[in-house]
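curious how this folds, go ahead:
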Amino acid sequence: MELRAAGLQEQPFRSHGRPLVFVGYAAQEAAFEFLEQTYKNFHGLGLFQGPTLSGKTTIIRHFAELQGTKSAMAVVDGAGLNTTALLEAMLSEFGFEHKFNSVNELLNMVKVFILQQTASGKTPMCIIENTHEMNPSALRVLCELAQIRVREHFALRLVLVSDRPIQYLTKASAMEGIAKRVSGDFHLEPLTLDEVTDYLFAKMRSGGCFDPENVFPEDVCDELHAASGGWPGIVDRLALLALAKADYCPVRREHIERPAIPESTLVRDAGDDAQVDKESKESPTLYLTRNGKTVKKLYIDGPRLLVGRSDHNDLSIDSSFVSRHHAMFVRHGEATLLMDLNSSNGTFVNSRRISNQ
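From the prediction side, this is the model:
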């Protein structure tokens with residue numbers, strides 16, 4: 001359908017450039033807190049990771065805008081940069097457009113700027129996107145810049161950004177200058193189910209739609225969350241594709257595509273897995289069976305476990321006999337209670353229908 005048919009005056013799901021509106025959510029707030037703490041830390045050098053289309057660039061550039069005149073900010077795309085390109089990009093972001101004849105002149109100019117800014121109380125910050133794609137020579141220069149000090153404090157705050165875990169970079173012997181300074185390791189998390197709905201509706205309203213719930217009903221929002229994994233960039237793309245596929249409002253679930261969902265950059269170590277195994281063995285076990293065969297096994301290791309047809313339940317069962325939010329297991333001391341959530345077809349234990357537990 002055309003955008004006007006959805007009540008839109010502008011395309012709200014932009015994949016490039018500045019978004020119509022910046023939508024806040026829990027993971028974004030955590031990212032801002034991480035960036036602020038990295039800047040305030042005298043040793044501040046942060047690793048900022050999140051998969052492709054997780055919203056990293058939007059968050060980073062909005063953070064840089066909010067810093068305003070408080071500090072000199074440079075946001076540089078490191079993909080393919082060599083030493084010269086890196087230094088030129090940094091100077092350009094810091095406001096210098098002069099031409100220099102050699103790499104040494106560039107490097108000295110960057111050093112002088114960093115020292116002057118820090119001495120004046122406005123320590124500069126440089127955020128490097130796609131750090132994993134930088135030329136090794138550029139990484140070596142970055143290590144050199146990371147060691148500049150004014151009195152006892154490092155003179156340049158750094159944030160290294162990547163769509164994959166980059167701890168391995170700091171373990172290389174040539175990166176010792178950066179490894180010693182790492183003050184934080186942040187991994188961006190996806191939107192929750194409710195946040196996807198709020199995010200989607202805020203975007204639609206920014207484009208001029210007054211009733212986004214009539215364009216994207218609740219079940220479609222649930223489908224968008226499941227199909228996107230909660231990653232904002234994928235939500236944007238799937239929502240725009242769905243609008244294009246639909247002939248009229250509302251958008252339906254079959255209009256939502258199901259792309260491959262990128263995995264989180266947060267990788268647990270073996271110790272974490274061992275702890276999970278230990279906790280699992282101490283928790284009640286729930287088996288989902290069909291025709292006498294076990295199709296899923298879950299540990300009830302939290303305070304509650306939600307069961308229903310909707311994808312955002314802890315246990316999702318695709319059946320017309322199961323309500324969207326059908327029942328809930330609740331831990332109470334050493335006991336586990338089963339509660340029906342006013343389901344259409346009821347919940348049964350040993351062939352007896354239960355009421356609320």
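
specify the beta-bridge partners of the nearest residue to residue 119 once chain neighbours are set aside.
Nearest non-adjacent residue to residue 119, counting by CB to CB, 6 or more residues apart in numbering: residue 150, 5.8 Å away. For the C-beta atoms, the positions are set from N, CA and C on the backbone; glycine is no exception. For residue 150, the beta-bridge partners under DSSP bridges are residue 153.

contacting residues around residue 150?
115, 118-119 (CB atoms under 8 Å, 6 or more residues apart in numbering).

of all those, which comes closest to residue 315?
residue 118 (54.1 Å; CB to CB).

still on that earlier bit, what subset of the contacts of residue 150 is buried?
115, 118 (16 or more other CB atoms under 10 Å).

just the ones in helices from the contacts of residue 150, please.
115, 118-119 (DSSP state H).

the residue nearest to residue 119 and residue 299, how far apart?
53 Å (CB to CB, to the nearest Å).

equivalent analysis for residue 163, please.
When residue 163 is compared with residue 299 (using CB to CB), they lie 31 Å apart.

and the chain, what are its domains?
As assigned by automatic domain parsing, the chain contains the domains 26-187, 194-255, 271-353.

so which of those domains is the most surrounded?
Compared across the domains of the chain, domain 194-255 shows the largest average neighbour count, a mean of 19 (mean count of other CB atoms under 10 Å).

hey, what's residue 128 bridged with?
According to DSSP bridges, beta-bridge pairing links residue 128 with residue 76, residue 160.

do you know the pLDDT at it?
Looking at residue 128, its pLDDT reads 97.

where does the stretch 151-300 of the chain dip in pLDDT?
Scanning the stretch 151-300 of the chain for pLDDT under 70 picks out 267-282, 292.

50 - rerun?
276-277, 279-281 (pLDDT under 50).

now the strands for it?
Ranges of strands within the stretch 151-300 of the chain are 153-154, 157-162, 184-187, 285-290, 293-299, based on DSSP state E, counting those that start in this stretch.

end to end, how far does stretch 325-335 reach?
Terminal residues of stretch 325-335 are spaced 22 Å apart (CA to CA, to the nearest Å).

now do that stretch, average pLDDT.
Per-residue scores along stretch 325-335 average to 81.

equivalent analysis for stretch 105-119, please.
Rounded mean pLDDT across stretch 105-119 is 93.

and stretch 79-93, by the same measure?
Rounded mean pLDDT across stretch 79-93 is 94.

just how off-centre is that stretch within its chain?
Offset of stretch 79-93 from its chain centre (CA atoms, centre = their mean, to the nearest Å): 26 Å.

repeat that for stretch 33-49.
So, by CA atoms, centre = their mean, the centroid of stretch 33-49 is 17 Å from its chain's centroid.

how about stretch 202-220?
22 Å.

for that stretch, list the C-alpha coordinates in PDB.
The C-alpha trace of stretch 202-220 is given here as PDB (Å, rounded to 0.1, in the frame of the first residue of the first chain):
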ATOM      1  CA  ALA A 202       6.700   5.900  18.000                       C
ATOM      2  CA  LYS A 203       8.200   5.600  14.500                       C
ATOM      3  CA  MET A 204       4.700   5.500  12.900                       C
ATOM      4  CA  ARG A 205       3.600   8.600  14.800                       C
ATOM      5  CA  SER A 206       6.800  10.500  13.800                       C
ATOM      6  CA  GLY A 207       5.800   9.800  10.200                       C
ATOM      7  CA  GLY A 208       2.300  11.300  10.700                       C
ATOM      8  CA  CYS A 209       0.200   8.300  11.600                       C
ATOM      9  CA  PHE A 210      -2.200   9.000  14.400                       C
ATOM     10  CA  ASP A 211      -3.500   5.400  15.000                       C
ATOM     11  CA  PRO A 212      -0.600   3.000  14.500                       C
ATOM     12  CA  GLU A 213      -2.400   0.300  16.400                       C
ATOM     13  CA  ASN A 214      -4.900   0.100  13.500                       C
ATOM     14  CA  VAL A 215      -2.000  -0.400  11.000                       C
ATOM     15  CA  PHE A 216       0.000  -2.900  13.100                       C
ATOM     16  CA  PRO A 217      -2.300  -4.800  15.400                       C
ATOM     17  CA  GLU A 218      -1.100  -6.600  18.500                       C
ATOM     18  CA  ASP A 219      -0.600 -10.000  16.900                       C
ATOM     19  CA  VAL A 220       1.400  -8.400  14.100                       C
END
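
contact partners of that stretch?
3, 6-13, 19-21, 23, 197, 200-201, 224, 236, 239, 242-243, 249-253, 255-256, 310, 324.

repeat the analysis, applying 7 Å as the threshold.
The contact list for stretch 202-220, computed with CB atoms under 7 Å, 6 or more residues apart in numbering, reads 6-13, 20-21, 23, 200-201, 249-253, 256.

hang on, the earlier thing: using JSON lines, lay out the domains of the chain together with distance to residue 265.
Putting the domains of the chain into JSON lines (distance: least, CB to CB, whole Å) gives the following:
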{"stretch": "domain 26-187", "distance to residue 265": "4"}
{"stretch": "domain 194-255", "distance to residue 265": "11"}
{"stretch": "domain 271-353", "distance to residue 265": "15"}
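
what's the helix or strand for residue 329?
Here residue 329, judged by DSSP states H and E, is contained in strand 327-332.

quick one: contacts of that strand?
With CB under 7 Å, 6+ apart, strand 327-332 has contacts from 286, 300, 303-307, 336-341, 343, 347.

thank you kindly, that will do.
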